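S.K.: sequence and computational prediction follow.
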Amino acid sequence: MRASRRETLQIMMMAAATGLVPRLARAQAKADPYDLEKFGNVRVLHQTDTHAQASPVYFREPSANIGIGAAWGRPPHLVGKQFLDHFHIPAGGRRAYAFTYLDFEEAAHRYGALGGFAHLKTLQDRLRAAVPAGSVLTVDGGDLLQGSALADDTKGAALVELGNMLGLDLMTGHWEFTYGEAQLRKNIAAFKGEFIAQNVFLTDTAAFNNAPAFDAASGRVFRPYAIKEVGGFRVATIGQAFPYVPIAHPARFVPDWSFGIHDVELQAMVEEVRGKQKADVVLLLSHNGMDVDLKLASRVRGIDVILGGHTHDAIPQPSVVSNAGGKTLVTNAGSNGKFLGVLDLEVQRGQVAGVRYTLLPVFANLLPADPAVAARITALHAPHAARNAEKLAEAGELLYRRGNFNSTMDQVICDAVRAQMDCEIALSPGFRWGTSVLSGQAITMNDVLAQTAITYPDVYVQEMTGAQLKSVMEDVCDNLFNPDPFLQQGGDMVRVGGMDYACAPSAKMGSRISDMTLDDGSPVDPAKTYKVAGWASVSLPQTGTPVGAVVAKHLRESKTVHLKRVNQVKLKGITDNPGYAGGA
């Protein structure tokens, strides 16, 4: 395979203080996509949002990642051909398969699965060996410990062990917090690297009661940053955990902690590491989501590069953001172990003089599995191997989750919940994690848990009026399409089974959702009460059956999944939007 000359972007950046626009250059193309041309004296390896997928996976990138307002047509809000054209990626090859949904199933059979910790280990070790000893920093941007049967069975502990085998130096968090404080602290204690987060503080009540904190004076719960000697230079990495944990998840998991973006505090932290700590390089290891990071980069000066995650955007080239101090590069490294970000820095006289960023797809069939990691993964899976391998049904079509609106995998979940709970309407959260199953493949319990393994999975049934249902949908839609990135909280639109509707992403809050129609064609009456089922309740603890068990029972009864229909979302006002290519 020959790589494009555009595969490896070099950004030759003058010191941020000069305010000069970075000069772009191309690296020499090589036949081996993992043989990177020598550059710089500091290397940072960045993985994020693996969601505990220890083995290689199929994961279809979205055909709908709509940007509105200032985000229209700006990465990450590009899909399909628009994405390929913007990043100069040839259609039909390995990279087009890795980065887009185009011809997904055909390409999946040709190029195989991606990721897997044993293959990731091989790649990371190769990239470390290619540069002088002591010049590599390896970081994880969060969502390492949740999203699979293995993570669920061990409360994240097995993934801590695998992260240690990968040689992770630093990590921050998001879903890690949903195990609760006690388990999170246990996982952090077992982690051989450092957990960093500048934006998690004790609540006033917790501080008054002397709850544990890294720094009692500031109320910071965790170490806010780490200074590492890398390649003979002082590299400061500031942690930014997911800012909305008690809003997007049950607050009962972390009752003593408050979260937020805290851009003012972050600015002070940057000045501290630049000044008092004499850092040559300042990185932000972020789980904000890319749109939030782009806004943050415009407000906070002095950060060289933001290593971003949360929104699962695989972006081959950094975005360059101007601020009062000069320029900041914003990256985002995809999800599910499909990609590894390689940030090569040329550091001179206490500042970054040049940058090369390469986002490498981790093709399992091009990278041999590391024997030790592969053996450990098998051993960790062993206690539940039979349960996880159970063939529940066969996929009669491609099942995937990722996309702004309804997906085939969530349609399966909604259909299962409606059937098993005898409901008119089912709601499924718009989680961005969850792997894909190719048509003709067996759907196993492991596949089901890759969609449903959370600490609050119980299915519930409640009565809702049509007006209440619309209100819920408007609220979720505003979270997704609010024009202010700081008011977006990640995730996609709630999936709805048993009802079609229209959505106008660019409309104002309260006016985006319309034309709600049941499967029988009757309009949803605002005054009428409907039986609605859902799962992953944030507000109240539930005592129902875990959704994974509900879906598994439905699949066993179905034998083969042939979706009668995928509930439709009619989009309004997004003509020619480069973040939408039809479907979900």
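M.R.: Nice, thanks for sending it over.
S.K.: wait, doesn't residue 195 sit right on residue 177?
M.R.: No - applying Cβ atoms under 8 Å, one finds residue 195 not in contact with residue 177, separated by 11.1 Å. From N, CA and C alone the C-beta is placed, and that goes for glycine too.
S.K.: shared neighbours of those two, which are they?
M.R.: Shared contacts of residue 195 and residue 177 (Cβ atoms under 8 Å, 6 or more residues apart in numbering): none.
S.K.: which SS class is residue 450?
M.R.: With DSSP: H, G, I helix; E, B strand; the rest coil as the basis, residue 450 sits in helix.
S.K.: nearest spatial neighbour of it, skipping sequence neighbours?
M.R.: residue 435 (4.8 Å; Cβ to Cβ, 6 or more residues apart in numbering).
S.K.: measure the one you found to residue 566 for me?
M.R.: Note on residue 435: its distance to residue 566, by Cβ to Cβ, to the nearest Å, is 18 Å.
S.K.: more neighbours, the two?
M.R.: residue 435 (27 against 21; other Cβ atoms under 10 Å).
S.K.: what strand or helix carries that one?
M.R.: Residue 435 is part of no helix or strand, with elements assigned from DSSP states H and E.
S.K.: quick one, phi psi at it?
M.R.: Backbone torsions of residue 435, given as degrees, to the nearest 10, read phi -80, psi 180.
S.K.: so residue 309 sits against residue 49, correct?
M.R.: Yes - using Cβ under 8 Å, residue 309 makes contact with residue 49 at a distance of 5.1 Å.
S.K.: what do these two both touch?
M.R.: Counting by Cβ under 8 Å, 6+ apart, the shared contacts of residue 309 and residue 49 are 141, 142, 143, 333, 335.
S.K.: so the second one sits in a helix?
M.R.: In this case it means residue 142. No - under three-state DSSP, residue 142 falls outside any helix and is assigned coil.
S.K.: next one: it from residue 248, what distance?
M.R.: 13 Å.
S.K.: who has more neighbours, the two?
M.R.: Legend: neighbour count by other Cβ under 10 Å for residue 142 and residue 248, higher for residue 142 (29 against 19).
S.K.: confidence score at the more buried one?
M.R.: On pLDDT, residue 142 comes in at 98.
S.K.: over to residue 325?
M.R.: pLDDT, residue 325: 87.
S.K.: now do the contacts for the nearest residue to it once chain neighbours are set aside.
M.R.: Closest residue in space to residue 325, ignoring its immediate chain neighbours: residue 301 at 2.7 Å, by Cβ to Cβ, 6+ apart. Applying Cβ under 8 Å, 6+ apart to residue 301 gives the contacts 16, 267, 270, 323, 324, 325, 326, 328.
S.K.: do the same with residue 462
M.R.: Per Cβ under 8 Å, 6+ apart, neighbours of residue 462: 532, 534.
S.K.: repeat the analysis, applying 7 Å as the threshold.
M.R.: By Cβ atoms under 7 Å, 6 or more residues apart in numbering, the contact list for residue 462 reads residue 532.
S.K.: kindly report the same for the one 5 residues further on.
M.R.: Counting by Cβ under 7 Å, 6+ apart, residue 467 makes contact with residue 526.
S.K.: ok so it is a strand residue?
M.R.: No - checked against three-state DSSP, residue 467 lies outside a strand; its state is helix.
S.K.: that one and residue 479, how far apart?
M.R.: Applying Cβ to Cβ to residue 467 and residue 479 gives a distance of 19 Å.
S.K.: let me see the ranges of the helices in the stretch 51-200 of the chain.
M.R.: 80-87, 94-99, 104-111, 117-129, 149-154, 157-166, 181-190 (DSSP state H, counting those that start in this stretch).
S.K.: and the fifth one, average pLDDT?
M.R.: Mean pLDDT, taken over the full extent of helix 149-154, equals 98.
S.K.: that helix - contacts with which helices or strands?
M.R.: The contact analysis (3 or more Cβ pairs under 7 Å, 6 or more residues apart in numbering; DSSP states H and E) places helix 149-154 against helix 157-166, helix 445-452.
S.K.: ranking those helices by burial, who's on top?
M.R.: helix 445-452 (a mean of 25; mean count of other Cβ atoms under 10 Å).
S.K.: what does that helix rub up against?
M.R.: 147-149, 152, 387-390, 392, 401, 409, 413, 434-435, 437, 547-548, 551-552.
S.K.: what's the burial count for residue 182?
M.R.: A count of nearby residues for residue 182, using other Cβ under 10 Å, gives 9.
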